[in-house]
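A.B. asks: Next one to model:
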Amino acid sequence: MYNEQQKFEFISFVGDSSYEEFFDLFEAWERALGKDICNMDINEIANLATQGLAKKTLDLYRKKLFTYIEWCRARGLCKINQMDKRVTPDEFLYEIWGARDENYYISPEYLDEIIATLDKTDNPYYFSSIVLSCYENIAGENWNNLMHMRVSDIDRSTKTIKLKDGSRRKISDRLIYLLGKSADVVELASQRITKLDYCMYPDSVWRLPVAKSGNVYPRFRYWLSRPIANCIGDDKITKSALERSGLFNHIKKRSREMRYDLLHDMISRPRNGKKYNALLEEYGYHLNFAAFKNQYKDWVKYV
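C.D. replies: Have a look, this model is predicted:
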């Protein structure tokens, strides 16, 4: 963490230890410029580790940065809070940060193309399993389930997996196979060989190239998410897009199997919307059909 004394003083002031992981995301850029983030201008802030993230994630980043920089400004450590909306409007910040639209739809056919593309890379199992884990909604908030995933959590006889939150979810044969293969990956190949010599448990599914005290969680998230879009060649492929598309396509598929008229129920008031609740819970979503309709109203054309 760059400028540790100042940042730890701030963390003590706000009483929020999650800022340690948050600040670690920007450490490399701060060191490269030789200045704390509170002293950067808006063009320098544009190059933070934010490119390709969904708007809701960027909103969280902005809120946290605003709180920190405002604290610095009040103490005379900087003159301007670049995260103040009166200084930098949302639209401009989204543009320079390269905000991604969360409504990017990934069809089952496109998912197959994505997996096929990743299968041709030097690291097929590792990245394909990440994509499919997001699509089948087992990655968890902030990748928490993947970070703690162990081989012993997978039950091949029931085709289920136990997640960090204690729940057990049914997953596809394809994902079971890919997770098993990922657990055997100890190095990644690109321009050079990267050794994966750190894991959270002896039987972890995932390994990291380096272990740095206090940096495990943000580095893990970065390591899991950032290379995917580069390998596929589509920078709209995000965790959020995969999860949203996975749920939508699951409801489409299960509705056909149950002979529900999803198109009618999406555009009209269903006589029994509760029948969809069980299908939503199958995918780990605890929301009712009315909420689903509201969130996916722009995707009716894909039904």
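A.B. asks: rest of the way, CA atoms for contacts and neighbours
C.D. replies: OK.
A.B. asks: sec struct for the closest residue to V303 other than its chain neighbours, please.
C.D. replies: Nearest residue to V303, sequence neighbours excluded (C-alpha to C-alpha, 6 or more residues apart in numbering): L263, at 6.1 Å. Secondary structure for L263, judged by DSSP: H, G, I helix; E, B strand; the rest coil, is helix.
A.B. asks: Help me confirm that L263 comes into contact with V300.
C.D. replies: Yes. Judged on C-alpha atoms under 8 Å, L263 makes contact with V300 at a distance of 6.9 Å.
A.B. asks: Report the secondary structure state of N249.
C.D. replies: Taking three-state DSSP, the label given to N249 is helix.
A.B. asks: spatially speaking, which residue is in the middle of the chain?
C.D. replies: Nearest to the mean C-alpha position of the chain, counting by C-alpha atoms, centre = their mean, stands K239 at 4.1 Å.
A.B. asks: Excluding chain neighbours, give the residue nearest to it in space.
C.D. replies: C134 (6.0 Å).
A.B. asks: what do you get for V185?
C.D. replies: Y126 (7.2 Å).
A.B. asks: who are the neighbours in contact with that neighbour?
C.D. replies: Applying C-alpha atoms under 8 Å, 6 or more residues apart in numbering, we find Y126 in contact with 178, 181-182, 185.
A.B. asks: Considering these, which is situated nearest to K293?
C.D. replies: Relative to K293, the closest of these is L178; by C-alpha to C-alpha it sits at 32.1 Å.
A.B. asks: picking that back up, would you mind measuring from the residue nearest to K239 to W206?
C.D. replies: 14 Å (C-alpha to C-alpha, to the nearest Å).
A.B. asks: The two: which is more packed in?
C.D. replies: W206 (26 against 22; other C-alpha atoms under 10 Å).
A.B. asks: picking up where we left off before, just give the number of residues close to the residue nearest to V303.
C.D. replies: 14.
A.B. asks: for Q295, same thing?
C.D. replies: 12.
A.B. asks: Look up how far P270 lies from it.
C.D. replies: Taking C-alpha to C-alpha, one finds Q295 at 16 Å from P270.
A.B. asks: Kindly report the same for S133.
C.D. replies: Distance from S133 to P270, by C-alpha to C-alpha: 31 Å.
A.B. asks: Who has more neighbours out of those two?
C.D. replies: S133 (26 against 15).
A.B. asks: got a list of what the more buried one touches?
C.D. replies: S133 touches 139, 175, counting by C-alpha under 8 Å, 6+ apart.
A.B. asks: one more time with 7 Å, if that's ok
C.D. replies: A139 (C-alpha atoms under 7 Å, 6 or more residues apart in numbering).
A.B. asks: Next: the one 4 residues further on.
C.D. replies: Applying C-alpha under 7 Å, 6+ apart to N137 gives the contacts 243, 283.
A.B. asks: Give me the phi and psi for it.
C.D. replies: phi 60, psi 50 (degrees, to the nearest 10).
A.B. asks: what about K181, neighbour count?
C.D. replies: 15.
A.B. asks: how close does it get to W206?
C.D. replies: Distance from K181 to W206, by C-alpha to C-alpha: 10 Å.
A.B. asks: Thank you, goodbye.
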